[in-house]
Structure formats: structure tokens, C-alpha cells
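**Q** compute the structure for the input listed below.
(one chain, ligands or ions: 2)
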Amino acid sequence: MQQFINVILPIPLEKLFTYAVSEAEADLLLPGMRVAVPFGKSKIYTALVSEIHHNPPTAYEAKEIDRILDGQVIVNETQLKHWQWIADYYMCTIGEVVRSALPSAFLLESETLILKNNYTAVDEGDLKDDEFLVFEALQHQSALKVHEVSTIVDRKNILPVLNRLLEKKIILLKEELHEQYRPKLVRYVALGETYRSEEKLEALLHSLTRAPKQSQVVLALFQLQAETKKPIKVSDLEKAGGASKAVIKSLIDKGILREYHIRTDRIGYEGTEGKEEIKALTEHQQLAIEDIQRHFDANKVTLLHGVTSSGKTEVYVKLIEDCLAVGRQALYLLPEIALTTQLIARLRHYFGEKISVYHSKYSIQERVEVWNNVLTKKSKAQIVIGARSSLFLPFSDLGLIIVDEEHEDSYKQFDPAPRYHARDAAIVLGNMHGAKILLGSATPSVETFYNTRIGKYGYASIDRRFGNVLMPDIELVDIKEQTRKKRMKGHFSERLLTEIQDALQLGEQIILFQNRRGYAPIVECTTCGHSPQCPNCDVSLTYHQYRKELRCHYCGHHIALPEGCEACGNPTLDTKGFGTEQVEQELSKLFAEVKVGRMDFDTTRGKYAYEKIITAFEQREMDILVGTQMLTKGLDFRNVGLVGVMNADSLLNFPDYRAHERCFQLLTQVSGRAGRTKKRGKVIVQTYNPYHEILKQVSTNDYEGMFKDQLYERQQYRYPPNNRIIKITFKHKEYNRVNEASEWFAKALRNILEGSILGPEFPPVARIRNQYLKHVMVKIPPRRSLSKTKASIKRIEKSFKAISQYRSIRVIYNVDHI
Ligand code: ADP
Ligand code: ZN
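**A** Ligands and ions are numbered 1, 2, ... in the order given. Take a look at the predicted model:
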């Protein structure tokens, strides 16, 4: 009987596709293996098998697969189930989830190859210059890749020349699969079979008396083998025998040595066995862990609410140890930016080789290796520490998931789909595995804290710092008054300057926080008022003094700083507002002898740039570190006595229902970098609104007060946690079309979901990369079904897409938008 498979293609298709397979292929295949399949005109894609069955598709003739790519399952059943949940919940396709979930090396794609057509007789005189160049190259090389042709003709657009060559039947195109992952092979040598016995070896050495270099190598190999009783790497033999590559090669050629290769991992931590004993917990940590365990026993997701520097990490370590003791896997999730060598080194001290790290700065190859190690349950991947994408690894037996800094926004994927929240998706995954789930934070999200209050989640807390160091002393400084009294030096109040001086005198380090990069966000002509705008986005260009440039922070567009105003020509440009660059510059003028560093998006682009700054600061190569919110993520510096917040107001004035919560979290976290060891730390917060409730709550460490106020407001205005929200974004290059389309959609929504639709509204930056954006917010009250609402929205989208002028509008869903 003819057999079929349903496959998931890594592209946004609503339905799975069905392909025909032979009986023999069907016997080999299992859900979770990859196959290469033809799709569209001539493309070949990698797809994931989801089902094997006997039902031919009704709407089309099933094509045959190209080939089977795996000998075993690389995605397990739990993963498929979890990914389907993500697709359903976050309103995207399972193909989009697969595309995000699998390391890209697993997703082979066809790559066009250009071949010579051997059946055409070519008259070289008929060829144009560029055609001849390609033709000639094909005489020496059997196939060319697109980018190679591009180099040969020294041009990007090579379609015209390829088309002409195709018309003249001089070339052929071939779609070929291209394997991206190449395992790393290490060369080993052993003594050839015939020389294994002592007599034979002696005879061999005798025969080599006239080749002293060769006999030296043979002896060295013999010795190495006796000493290590392990396979010998060629590189080790080279070192030990002082032998050149040529000598070893001639021995291999003669059959005296035998060469072989072994696949090895690129990411090895040889020799880093867990050396350190796990720290004894303090009394407060111990009490917290008892609470946690009690909630775990009742199968509850649990929040560990521990103030900054209370030693949450040590509690996690203890829980991980317990998980390993019963032989299960542990996953430790962190926001990307908090995955520092600082923290990883700390955990390696305890668990050594059992830890694998997985995040976006890892290469394609390294990601595949971690994937395979988790898949085959290698002990070196028993603990995975990683950013949100590590949720997708092929765990088979998760016993513990820790979501550290659970309040972090960056856990929510913004673009592309799936727009999932890693904390929430982790809870679903944990439940599928029967794992224990711990969320940790010094400033929990309102949602999570609410869940503990209604008894849905367990709650444990540590309300004092390790070593009983006092919480930092936070002082609000009114810069409105200081400005009026002309007491400001640049952007520094007298209070802040005094504190900086004191700290420097005591040899303490200082962190200054300004949540804006560049020199100034606005450049303005003092004569005519004109300020340079981005041509692609509705936003003014930020001045970056370091490069003498104006830059768009949305699309990257940049121009050299103009000499005068573009509009009136007067050389009277001035700046408004300030960023980290300006703070850095003012500091170096105020404190000439002090070493100042800067940590923001611009200074941390390279692979290890971020690490280098942290290490330099740790080793006291800088006195003051100026930075954006990157500074707030879980860093543990020993010697910081003072934290200064240059301007808290920019955090308060966001048109967003979470702005206040976020402001509280950011300021509390950045304050938490002060005074982590012995002495109480000092924090100066500069603001024009010293009486703002949120700032008072930050300064008195009043989390509960913040929670109560925010919950009340959110209930009033029907936001989460009581209500759910789905944000729908409409995107198109034509302003009018976005307007009309979003109006149409919102009206249709209002017809069925009365009273809970906001918008359509333009966001503050209404055009990005020449695309206009408009939002509609759907609020779903607790009594209404979330899945039914989503189904209604999908039905509306169907009618919407049937209207021809709306077809090209992109509709983007963001479920639980934050
Ligand atoms: P948090 O994650 O809550 O901010 P950390 O886990 O980074 O706090 O702990 C702060 C500092 O206190 C770290 O340097 C840590 O090594 C130290 N520390 C915490 N708990 C203990 C303990 N029980 N014994 C020894 N040192 C501890
Ligand atoms: Zn732009």
C-alpha cells in the first residue's frame, strides 16, 4: 500500500504538507526525523516528519521526497507537542516555530549551482566579455556557486549574465543540498598492525637505523602509548617526537604508522572538573529552600523573591545539585545579556563538565554540538544554561527549570514569530516533563507576583543580603531646583559630584546609569529649529560624537555630522537631551585623572567585547563605568560603592502600561550593583519629579507598594494580569493603506468582541524602514475564552486577506504583548 508522510516545512504555512514515500522509506522513518523535500518550483527544503500514514492528500498530487536525512530521531515527541502549543498559543505556524527552534545548520536549503552544459558547442567569439569569463571559469571548475560568479564578473547582480548564458544553452542550473554542519575531525596515529609485537618493533627500529628521525618518531609514539594508554593525536606526537609533518607522513605512507580520525566536539572544557564544594547556605537561604521544596512537593511553580545580592544563585546551585543526584536534566534560563562569563565560571566551579551553554553568540557548529549532546543524554549536557532558545533543545527528562531574572522583557521574543514568552513557555515545557519550576527575581513581574498572591504559584523569599550587608541607601535629588539655582555642572548635580569624589577617595568604583546611547538624541538648529530626521523612519537622528555621525537607532541609517543646518545653512547646530557618550565626556573633563569606561550597544558589538569591559571593571582598570540598562543584568561586582542614575524621568514617561513597573525594576536592579560586599552602598537618583510615587517606592525598597498600585491601575484599565491582551500590528509601505486596513480590521473585531478593542493607533515611531505601523489592541477579560477569541480573530483575518487591496498588508500578532 502506498505510504505518505506529513511534514513540517520551516516556513509559514497554515497546513502540513503530505509527501509520498516508498514502503522501504516508511519503514525507516519516524516522526522527528528530517527529510529533504521539493517544494515550490525548484526549491528543496529540509522538513521535519510529523506523521506516517496511508491517506493521500485530496487537494494535490503528493510529490516524492528527495531523500531521508537522519538515521535517528533528532526531535522528540515532547518537543513536537511543546512546539505545537507555542504555535497555537502565540498564533503562528508550527513551521515558524521549527525555523526558530532548530539550529540553522539542521535546516539545509538548496543552493543554486551553475554547471557547464556539455551538449552545446560554443563559439567563443559569440560571447560577451562577462559571458566569456563565466564560460572560461567553467572549463576549470565543474560547478560554480552564485557568489563565485559574482566575484568572477565583479558585480552583484548576476542574473542578466546567467540568463543570457541560459538562453544560449551554455550553462545549466542545479539545486543542490548543502550540509552546513561539519563535525570537527582530529587526526590520530597508531603503530601499523604488523608492528604490534615487540620482536617486530625491534626489527623495524633496526631497519630504520639509517633514518634516525623516523626511528625517533616511532620510539616517541611507543613511549607515549605506554605512558598515557590512550589514543595518540598527531599533534601530540609532533610535540613529543620533535617530528615534522613530513616525517610522520612518510611513515604513514610506508604503512609503519596508521592514521585515523575521530570526531570531537568544538566545545570542550577539558580539565575543568567541578572542584569547588557547594557553599553552605545561610539560615535565610536555607529557610527559602525549605519553602521552595514544600511548594515543589505540591507541584507548584514557585517564585524565589530575593533582594539583590541575597544569594539566589547559591540557592539555584543547591537545587541543581539535587536534580543531578536523581539523574535528571536541569535547564537554567537567563536573559541573553546576563549570560556572562562571570556567572558561567561560577557554575563551572561547582559542576565542571556537566554544564553546556547555549546562546546566540555561539556559532552554528557549537549549537549543533550542544543539541546532539542533549539528544544523546551526554553527561556534559546534563545542565544546560542558556538564553530563551535553549527551551527548544531535545530534553528527554527535565527535572528542574530555573528562570532567573524572570521579570526581564527580553524573555519575550519580539521578532520574528514565534513571539513567545520564554518564562511562560518554560512552565508549559516543565509541566510536560513533570519538572520542578523555579522563577527567580529581586523585582518579580506583576503577573508572577499576582500568581503567588492568588495561590497559583508558590512563594519563597530572602529579604536580606548575603553577609547582612544593608540594602543600598537611595537618595533622590531634585535637578529641577538645582538647575534653577544654577548648581548643575553639565548633567551632574552637586550631590552626585560630592558622592563621586568621596567614593573615589575611598578607592571605590562607581556605576553611572543613563538609559540612552550616543551623545544626544536630537540635533537642532538654534536659528530655524530644524532637526535632522531619518529618511526611512519617523524619528530624529541621534548624534554620536565618537564617530562624528548622526545615526538612526531603528534602521541604522547614518550620515556624517553636517557642518551647518541643512535647512537654513547657519552653522548654529545645538544638541538636546543626552546619552552615555556625553556623560563619559563630561566626566573626563570633571575628573581628568580618573579612568572612565562605557558599556552600551555601541561598545559591546564584538564577540567578547562585553566580557572585556566587565573583566576590566572587575580588575579595577576603570574607576567609573557609564552604561545603559546592560549594567543592570545580574552583574556581581565586589567594589562598587556608588551608583548614580543620571536621569530617572526618561524611564517614567513611556506611553505604555508597564512603564512604571519597568522603571521600578530597572532602578532597583541598577541600585543593587552598589555595596554588595561589606559596606552599605549609596545610590543617587537624579530626577525632575522627586515626588513621583514610583521613585519613592524605589528609594524605600517598597516592592509591595509598587505591586499594589500597579495592580490597581491595571485592573482599572483592563490590562494583565486579570485580562489578556493581543496586540495586532498592521504594516505596509503606504500610509493610507495601513490606515484603511487597520480601520477595517478593528471594525470587524468590534462587531464580535464589543468593548475591548483599542485603536487603531500609530505608535510613537510610526514609520520604521519605510513601513508604516499601526496597532490594534484586543483586551480579553477573564470570563472570555482566549482560544475562541483567537479563532474569531483568525476568521476575520481570512476575510481581510480576501480583499485584494489588503492582501499585501502584513498582519502581526503579539499574544501577551509586553
Ligand atoms: P543574587 O543572585 O541574589 O543577586 P548572588 O547569588 O550573586 O546574589 O550572591 C551575592 C554574593 O554573595 C556572591 O558573591 C555569592 O558568592 C555570595 N554568597 C551568597 N550566598 C553565599 C553563601 N551561602 N556562602 C558564601 N557566599 C555566598
Ligand atoms: Zn531609520
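**Q** point me to the residue of the stretch 351-500 of the chain nearest ligand 2.
**A** Across the stretch 351-500 of the chain, the shortest distance to ligand 2 (CB to the ion) belongs to Asp415, at 15.9 Å. Where C-beta positions appear, they are placed from N, C-alpha and C, glycine not excepted.
**Q** what number of residues lie near that residue?
**A** Using other CB atoms under 10 Å, Asp415 has 7 other residues around it.
**Q** start the count at 14 instead of 1 going forward.
**A** With the count now opening at 14, the last piece we talked about shows up as Asp428.
**Q** mind listing what it touches?
**A** Under the criterion of CB atoms under 8 Å, 6 or more residues apart in numbering, Asp428 has no contact partners.
**Q** and for the one 10 residues further on?
**A** Contacts for Ala438 (CB under 8 Å, 6+ apart) come out as 95, 98-99, 404.
**Q** hmm, try it at 10 Å
**A** By CB atoms under 10 Å, 6 or more residues apart in numbering, the contact set of Ala438 is 95-96, 98-99, 102-103, 346, 401, 404-405, 424, 426, 431.
**Q** returning to what we had before: the residue of the stretch 364-513 of the chain closest to ligand 2: what secondary structure?
**A** Under DSSP: H, G, I helix; E, B strand; the rest coil, Asp428 falls in the coil class.
**Q** excluding its backbone neighbours, what's nearest Leu451?
**A** In this structure, Leu451 finds its nearest non-sequential neighbour in Ile415, 5.0 Å apart by CB to CB, 6 or more residues apart in numbering.
**Q** and the pLDDT at the one you found?
**A** On pLDDT, Ile415 comes in at 98.
**Q** and the one 10 residues further on, by the same measure?
**A** Taken from the predicted model, the pLDDT recorded for Lys425 is 95.
**Q** same check, this time on the one 10 residues further on
**A** What the model reports as pLDDT for Ala435 is 97.
**Q** what does the stretch 514-663 of the chain put close to ligand 2?
**A** With CB under 5 Å from the ion as the criterion, the stretch 514-663 of the chain meets ligand 2 at residues 547, 549-550, 565, 567-568, 570.
**Q** give me the buried subset of the residues you listed.
**A** 547, 549-550, 565 (16 or more other CB atoms under 10 Å).
**Q** so how far is the host helix or strand of Leu600 from its chain's centroid?
**A** Assigned by DSSP states H and E, Leu600 belongs to helix 593-603. Relative to the centre of its chain, helix 593-603 is centred 31 Å away, using CA atoms, centre = their mean, to the nearest Å.
**Q** now for that helix, which elements pack on it?
**A** Secondary-structure packing of helix 593-603 (3 or more CB pairs under 10 Å, 6 or more residues apart in numbering; DSSP states H and E): helix 507-518, strand 522-526, strand 555-557, strand 609-612, strand 637-640.
**Q** nearest to Thr681, out of these?
**A** Closest of the helices and strands packed on helix 593-603 to Thr681 is strand 522-526, at 11.9 Å (criterion: CB to CB).
**Q** who does whichever helix or strand comes after the closest one pair up with?
**A** Later in the chain than strand 522-526, the nearest helix or strand by DSSP H and E is strand 535-538. Applying DSSP bridges to the sheet, strand 535-538 is found paired with strand 586-589 (antiparallel).
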